[in-house]
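**Q** Below: sequence and its predicted model.
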Amino acid sequence: MNKIKINSPAKINLFLKVKEKNQNGYHNIDTSFQLIDLFDNMSFETSDNGVVIKSNESFLENKNNTIYRSAKLLLKFIDCKMGVNIKIEKNIPVGAGLGGGSSNAASTLIALNKLWNLELSKDKLIKIAKKIGADVPFFVHGENAYGYGIGDKLKSRNTIKNKILLIYPEINNSSSEMYQLLDIYRKGSTNNFNHSQNDFWEIFFKKNDEIKKFYESTADNCQLNLSGSGSCMYVLYETESDIKEILKKIPRNWRFFFCKPLQYSPICYIK
């Protein structure tokens, strides 16, 4: 085998509670990860020219991304000279709380483990994944899970049955900035606001008045949820009539996707 193609999936957080920082400075969380059928398309082909990435998004073609870092970490396990040509068609919105970069990293670890015949166990790959990002272990895990610790302690669970209306307001949120803002808000706030679904809602409102107005305008029609630290919002629904009203209220310059839940990631089917 010298080539692997894979669909790298997005996720949503059904809930997200941010807790105290651990000794390494990362926040502990309680969350529920749900895989969805919104994918980046990736292919990996062996070469002897190092790690080369080609993409429809130019920022992925440099060395400052999770894909490149994942490949370089695995090269440490190879005695001979090896390389890979990676192609990625980016479809998952960036900075949206959907875990696209983490999913790409996990797909790279799984694919190259097979392509380079490294035979590393899943537990070993998860340890490597923790060095790349907090959500990467979940995507290596490859199935829906409750997440604890910094999101790296996982307990598998069944998929939801609902369909998903995913709403992307064309806002790129930095996770590190959102966590910093949450810390500042909690230190200075007397009411310690906590939204029952996601602790980042109030910060998101404070940064974007348009988001707050949209949230308030949809309150009578559906339950609007936030994924990760934003910016993607979503509604769980069963029939089209459930989302008829909210579709009318989505601003024209925003994007939306009709998605379905997955039980397992496509990376689980790499043989």
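**A** Thanks, I have the structure now.
**Q** helix or strand for Glu28, which one?
**A** Careful, residue 28 is Asn and not Glu. Assigning secondary structure by DSSP states H and E places Asn28 in strand 27-47.
**Q** Buried residues of that strand, list them for me.
**A** Within strand 27-47, the residues scored as buried using 16 or more other CB atoms under 10 Å are 27, 29, 31-36, 38-40, 42-44. The C-beta positions use only the backbone N, C-alpha and C, and glycine is treated the same way.
**Q** now swap in stretch 49-69 and tell me
**A** Using 16+ other CB under 10 Å as the test for burial, stretch 49-69 gives 51, 53, 55, 60-61, 65-69.
**Q** can you check stretch 261-271 too?
**A** In stretch 261-271, counting by 16+ other CB under 10 Å, buried: 261-262, 265-267, 270.
**Q** can you check stretch 114-126 too?
**A** 114-116, 120, 125-126.
**Q** okay, among those residues, which ones form the most distant pair?
**A** Within those, Leu115 and Ile126 form the most distant pair, 18.8 Å apart (CB to CB).
**Q** What are the boundaries of the strands in the stretch 1-150 of the chain?
**A** 3-21, 27-47, 51-55, 83-89, 145-148 (DSSP state E, counting those that start in this stretch).
**Q** Who are the packing partners of the second one?
**A** Spelled out, it's strand 27-47. strand 3-21, strand 83-89, helix 100-115, strand 145-148, strand 163-168, strand 255-259 (3 or more CB pairs under 8 Å, 6 or more residues apart in numbering; DSSP states H and E).
**Q** Roughly how far does the nearest residue to Ile160 once chain neighbours are set aside sit from Pro9?
**A** Distances taken as CB to CB, 6 or more residues apart in numbering put Pro261 closest to Ile160, at 5.1 Å, once the chain neighbours are dropped. As judged by CB to CB, to the nearest Å, Pro261 and Pro9 stand 10 Å apart.
**Q** Would you mind listing the residues touching both of those two?
**A** Common contacts of Pro261 and Pro9 (CB atoms under 8 Å, 6 or more residues apart in numbering): 35-37.
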